[in-house]
Each structure stands twice: as structure tokens, then as C-alpha cells.
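>>> Here is my input; please provide its structure:
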Amino acid sequence: MSWTAADIPDQHGRTIVVTGANSGLGLETTRELARNGAAVIMACRDIERGEDAARDVREDLPDADLRVEACDLSSLESIRAFAERLEGEDVDVLINNAGVMAIPRSETDDGFETQFGVNHLGHFALTGLLLENLGIRAERDSRVVTVSSAMHERGEIDFDDLQGEDAYDPWDAYCQSKLANVLFAYELERRLLTAGANAESVAVHPGYANTRLQLRGPEQSGSRLWMAASRLANTVVAQSAEMGALPILYAATAPDAEGGAYYGPGGFGNMRGSPERQASSDRSYDRETTQRLWDVSSELTGVAYDLPEPKADRPA
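Below you'll find the model as predicted:
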């Protein structure tokens, strides 16, 4: 397919939550959704940066329907407060986009290793707390789009050391969290299907997009060489953030996007190009790992989903 932002259907009357909406892929996703009439709730860790980003969008789109809300994915308290502020509001699409990559080991407010805590556990908790907003028992359709990475293919879920307390490698932790994203998206789709819910769960990856995500690791580690290499790769290899946002926008808005699917750029090395449906790693289809991760995530976050477990023969 050769799908572009020009193919986004009219989004008037739809409310879409985007985490990490103040920069990078989240900002470009917000911009295009607003351009097509959606009311976008920009869920941002930093309200001031979120408001700056909203002003940036409004410079291009003066009538953009934007609302900035505080939501720090590294704090279960912040996530719960955000969900409480949205109580009673309809949400048509939740885009789980915010994330961190390959940073030195640190912990969230709740004691989770930051990459696993923000990239996976924070979005697991947020999605579970917004199920009623998504109207899974209503007649209207809704979607949950979870942003992973092609790096999930290198990931393994280390249940013996999920938080990297015994051994920590920034890239291993990142890949683990991105595999967790895909496992979560697939399991959520199975449970929605089992419940007969009018909602779909879709996984995506942006390929290699030029954003500040790649710079946070070298910034926090203080590595000038890594920083220089990251800047060079962003300039020479990466596609634009606008292109990187296309799989997210496709999954969120295209009528033919399918629940339980995995979409990413279809060009060179799946790093750039228009979105297409792709296969994820073999590990991402492992049902035993999926079930164990779901149970552990619910226990760690204290968020239980009001959805039935899928039947054993439910396809991936």
C-alpha cells in the first residue's frame, strides 16, 4: 500500500488520547489527527512542554481541538489521576506512544525499572483504567494502538530479573519493554474478542524515525561518542517523524486496519516507507509468556481488566 496522511478519514466527532504528545511521533500524530478534525487529549508528563506543543500545532491549525493533560507514565498515581479526570468521557482511540529508550538504569516512582515501567507497565495500567471510556460494551467502535519498535525482535522477557536489578543493559531493557508492548497488544485483542467487545487492539512500530528519543540515552549517560553517532544516524539513515507517525495514524484511523495486527514501514529494512501489515517476532506469539506477563503486569500495577481470559485455541 502507499498510504499517506492525506488518506486519513474525517475525524470530526472523535476523541483521541495520545500519550507523549508533546514531541516526536506523538506531536506529529497529534498534528495530523487535529488537522482532520479529531479532538485530541495530549497526555504529557510535562504540562508546560505539552502547552508549548499545543501552541505549535495551533500555529498551523488555529481551530485545532486540543487539550493538554498531565499524565506521567512513570507514576501510577499520575496515571490514576489522569484516568479519574476523564471519568465519564468517551474516548474513541487510545494511542500508547510515550516511551524512553536505552537510558541508564533508574526507577520510576513505584520502583519499576524505568524502561519497563514507562514503556509497558504505565501503558498497561492506563489502558485498563480507560476501558470504560473506550466504550467496550457500547455499540460504537474504539481502538487501542500500542507503539512498539522493530527492536522488539531482539527482546526477551526475563521474568527472573524483570526490573534489571541483578544485571542491566540499556538496550536489553529497551528491547524487553518493546516486546512487552507487542505481547500486550495481542493479548488485549484476544480478550476483547472473547468479550465480544466493540474495540480493537493494534500494535505498530515507526521504523527508524528522526526524533529526540534516540538522544536521551547518550544525554543521560554523558557519552559524546554515542551522541555524535546518534545524531549522524538521525540525519543520514532515519526517516522524518512525519513518516514515522504514519503507521500510528493508519492503525488509529484507517477503516481497514485490523485488530491483532502489527503495522510498520514497508520500505528498506522496514525502517522507512509507507505502512504495511507485518509479522512480529516469534517470541511475540508465545502464549505462555503472554499470559505470565499479563498476570505479572496486573499484579505490579494493581490494575485488573474487566475482560475474560481468552480461550486456549483463540488465534494470535
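>>> now the strands: where do they sit in this structure?
For the chain, strands defined by DSSP state E occupy the ranges 15-19, 39-44, 65-70, 93-96, 142-147, 199-204, 262-265, 275-277.
>>> TSV please, covering these and showing mean pLDDT.
Below are the strands of the chain laid out as TSV (pLDDT from 0 to 100):
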stretch	mean pLDDT
strand 15-19	98
strand 39-44	98
strand 65-70	98
strand 93-96	98
strand 142-147	98
strand 199-204	98
strand 262-265	97
strand 275-277	97
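>>> Same list (those strands) but as JSON lines, adding distance to Glu113.
All C-beta spots, glycine's among them, are computed from the backbone N, C-alpha and C. Shown next, in JSON lines, are these (distance: least, CB to CB, whole Å):
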{"stretch": "strand 15-19", "distance to Glu113": "19"}
{"stretch": "strand 39-44", "distance to Glu113": "22"}
{"stretch": "strand 65-70", "distance to Glu113": "23"}
{"stretch": "strand 93-96", "distance to Glu113": "18"}
{"stretch": "strand 142-147", "distance to Glu113": "19"}
{"stretch": "strand 199-204", "distance to Glu113": "22"}
{"stretch": "strand 262-265", "distance to Glu113": "25"}
{"stretch": "strand 275-277", "distance to Glu113": "31"}
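>>> With distance to Ser240 and mean neighbour count as extra columns, can I get those in CSV?
Listed next are the strands of the chain as CSV, based on distance: least, CB to CB, whole Å; neighbours: other CB atoms under 10 Å:
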stretch, distance to Ser240, mean neighbour count
strand 15-19, 18, 25
strand 39-44, 20, 26
strand 65-70, 22, 17
strand 93-96, 19, 28
strand 142-147, 16, 26
strand 199-204, 17, 28
strand 262-265, 11, 25
strand 275-277, 14, 20
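>>> so which of those strands comes closest to Asp7?
With CB to CB, the closest approach to Asp7 among the strands of the chain belongs to strand 275-277: 10.2 Å.
>>> Name every strand pairing with the closest one and say which way it goes.
Applying DSSP bridges, strand 275-277 is found paired with strand 262-265 (antiparallel).
>>> Just the CA coordinates for the strand it pairs with, please, in CSV.
Provided in CSV are the C-alpha atoms of strand 262-265 (Å, rounded to 0.1, in the frame of the first residue of the first chain):
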residue,chain,number,x,y,z
TYR,A,262,1.2,-5.4,13.6
TYR,A,263,2.0,-2.5,11.2
GLY,A,264,5.2,-0.8,10.3
PRO,A,265,7.0,0.9,7.4
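>>> which other residues reach that strand?
148, 150, 182, 185, 202-207, 239, 243-244, 246-247, 250-251, 257, 270-280, 284 (CB atoms under 8 Å, 6 or more residues apart in numbering).
>>> wait, what's in contact with the closest residue to Ala83 other than its chain neighbours?
Leaving aside its sequence neighbours, Ala83 sits nearest to Leu129 (CB to CB, 6 or more residues apart in numbering; 3.8 Å). Applying CB under 8 Å, 6+ apart to Leu129 gives the contacts Ile79, Arg80, Ala83, Val303.
>>> tell me the contacts of the last one?
With contacts defined as CB under 8 Å, 6+ apart, Val303 is in contact with Phe124, Ala125, Gly128, Leu129, Ser297.
>>> Redo those residues as a markdown table? Include pLDDT and distance to Ser177.
Listed next are the contacts of Val303 as a markdown table, based on pLDDT from 0 to 100; distance: CB to CB, whole Å:
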| residue | pLDDT | distance to Ser177 |
| --- | --- | --- |
| Phe124 | 99 | 11 |
| Ala125 | 98 | 14 |
| Gly128 | 98 | 17 |
| Leu129 | 98 | 20 |
| Ser297 | 98 | 12 |
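>>> Looking at those residues, which are in helices?
Phe124, Ala125, Gly128, Leu129, Ser297 (DSSP state H).
>>> Just flag the most distant two among those.
For those, the maximum inter-member distance is 13.0 Å, found between Leu129 and Ser297 (CB to CB).
>>> how long is stretch 18-27 from one end to the other?
This stretch, stretch 18-27, spans 9 Å end to end (CA to CA, to the nearest Å).
>>> Pull out the buried positions in it.
Val18, Thr19, Gly20, Ala21, Asn22, Ser23, Gly24, Leu25, Gly26, Leu27 (16 or more other CB atoms under 10 Å).
>>> Of all the strands of the chain, which one is nearest Ala54?
In terms of CB to CB, the element of these nearest to Ala54 is strand 65-70, at 4.6 Å.
>>> Which members of the contacts of strand 262-265 are classed as buried?
Among these, those classed as buried by 16+ other CB under 10 Å are 148, 150, 182, 185, 202-207, 239, 243-244, 246-247, 250-251, 257, 270-278, 280, 284.
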